[in-house]
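Visitor: take this sequence and fold it.
(one chain, ligands or ions: 1)
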Amino acid sequence: MDGNYTHLPVLLEETTQLLITDKSGIYIDATLGLGGHAIKMLAILDDKAKVIGVDWDPEMAALAAKNLEPYGTRAKVIQGNFANIDEILKREDLAGVTGILFDLGISSLHFDKPSRGFSLKHEGPLDMRINPGNPLTAYSIINHWPYEQIEHLIRVCGERHSNKIARAIVDKRSAKPMETTAELRDLIERVVPFRGEKIHPATKTFLALRVAVNYEFDNLTRGIQKAMPFLTKGARMGIITFHSLEDRIVKETFKIMADMGEWKMVTRKPIIPSEAEVTLNKRARSAKLRVIEKA
Ligand SMILES: C[S@@+](CC[C@H](N)C(=O)[O-])C[C@H]1O[C@@H](n2cnc3c(N)ncnc32)[C@H](O)[C@@H]1O
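Guide: Residues are numbered from 1 along each chain as shown. As a prediction, the model looks like this:
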C-alpha cells in the first residue's frame, strides 16, 4: 500500500478565513502533512507572502515538498518537531510571523500505511512513531512498561476498561512479546467485546499509545509556548484538535494567555465542521478549531 496517499484537510475554509489577517504576511503551518492547509493559504495570499511548513515526519515532509514545488520560494518545507519551533524560526532568521497553524495528530497517510503501525484496521508492527528516528515505540510500551504504567496511560486517555486491557497485555506478553497491531487489537476485542458501540473497543488504547510514543501533550504545550513570542501584534494562532484531552490543553492555555492581557480570543466557542463536511470526511467529526490573536 505504498501508492498515492491523500488527506482531506479539515475545516479548511474556516481555518484560512480566521488565520489570515494580512495577505502579504509570513505564515507557519506547524503540522504541514501533505500540505492541504498550506496550499489553500498560498492560494489566498499574495506574491510577497510566505508559508513555512513544518512536519516531524521526514516521509511526510518529503511528500509535502513535492506538493509545494509549484509555489517556488513562496513556500518552504522544514522537517522538525513543532515543540522546537523557536529554534526552527531562529534558523530561518525569522523574528516575527503573521500566523501559525497547528492541525494536530496524524495524517490519513499514517492510518492508511500499515508499516507505520497506527492502524486498527491493517496489520502492522507496533510502531506508531511520527518520526521513525525516535527511540520510543508502541512495541516498547506494550512489551516493557509495567502494568501500572500501561493501565494509567490508557485510563487517562479515557478507557473505562483500562484494568482489564492492561492485565491482558501483561499476561499475553509473559509468554511471547507482542509484535503487531492486529495482535493487540484482537486481544482487546477478546477482553472488551464489541457490542456495536460507535467506536471500536481498541480505539482509546491505540490513541493512548500514539500520544505517549510521540509525547503529543508535551509537544503541544511546548509548541504553543515557544511560538508565542514570534507572533507579531495582530498575528493569530489557530489550533485544530481531534479529541477532548488535546482540546482541554488548548482551551486552558488560551484562557491563561487571554488572562495575561496580551492575547484576545478570536473564537469564544470552538468552530466545528458542518454536517456536510463530516459526511464527506468522517475524520472531521471530532475536530475543533480555536483561534487566538496577539493584542
Ligand atoms: C492532521 S495532519 C496535518 C494535515 C495537513 N494540515 C494537511 O492539510 O495535509 C498532522 C501532521 O502533523 C505532523 N506532526 C505531528 N506532530 C508533530 C510535531 N510535534 N511537530 C511537527 N509535525 C507534527 C504529522 O506528521 C502530520 O503530518
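Visitor: can I get stretch 284-293 in PDB, CA atoms only?
Guide: Taking Å, rounded to 0.1, in the frame of the first residue of the first chain, the C-alpha atoms of stretch 284-293 are listed here in PDB:
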ATOM      1  CA  ALA A 284     -13.500  15.600  10.700                       C
ATOM      2  CA  ARG A 285     -16.300  14.600  13.100                       C
ATOM      3  CA  SER A 286     -14.400  15.400  16.300                       C
ATOM      4  CA  ALA A 287     -12.400  18.400  15.000                       C
ATOM      5  CA  LYS A 288     -12.500  21.700  17.000                       C
ATOM      6  CA  LEU A 289     -10.800  24.900  15.900                       C
ATOM      7  CA  ARG A 290      -9.800  27.600  18.400                       C
ATOM      8  CA  VAL A 291      -8.100  30.800  17.400                       C
ATOM      9  CA  ILE A 292      -6.400  33.500  19.500                       C
ATOM     10  CA  GLU A 293      -4.800  36.800  18.500                       C
END
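Visitor: for the chain, what spans make up the strands?
Guide: 26-29, 50-55, 75-79, 97-103, 231-241, 263-265, 288-294 (DSSP state E).
Visitor: contact partners of the shortest one?
Guide: Residues lying outside strand 263-265 but in contact with it, judged by CB atoms under 8 Å, 6 or more residues apart in numbering, are Phe254, Met257, Ala258, Val291, Ile292, Glu293, Lys294, Ala295. All C-beta spots, glycine's among them, are computed from the backbone N, C-alpha and C.
Visitor: make a markdown table from the residues you listed and add distance to His152 to it.
Guide: As requested, the contacts of strand 263-265 are exported to a markdown table (distance: CB to CB, whole Å):
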| residue | distance to His152 |
| --- | --- |
| Phe254 | 27 |
| Met257 | 29 |
| Ala258 | 32 |
| Val291 | 33 |
| Ile292 | 31 |
| Glu293 | 37 |
| Lys294 | 37 |
| Ala295 | 39 |
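Visitor: now a ChimeraX select for only the buried ones of those residues.
Guide: Applied in ChimeraX, the following selects the buried portion of the contacts of strand 263-265 according to 16 or more other CB atoms under 10 Å:
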select :254,257,291,292,293,294
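Visitor: nearest to Glu13, of the strands of the chain?
Guide: Closest to Glu13 of the strands of the chain, according to CB to CB: strand 288-294, at 10.8 Å.
Visitor: how about residues contacting that closest one?
Guide: 11, 14-15, 18-19, 21, 228, 231-242, 247, 250-251, 254, 257-258, 262-267, 270-272.
Visitor: just the buried ones from those?
Guide: Using 16+ other CB under 10 Å as the burial test, the contacts of strand 288-294 include 11, 14-15, 18-19, 228, 231, 235-242, 247, 250, 254, 257, 263, 266-267, 270-271 as buried.
Visitor: can you show me the helices along the stretch 101-250 of the chain?
Guide: 108-112, 138-144, 147-156, 162-175, 181-191, 203-213, 216-227, 244-260 (DSSP state H, counting those that start in this stretch).
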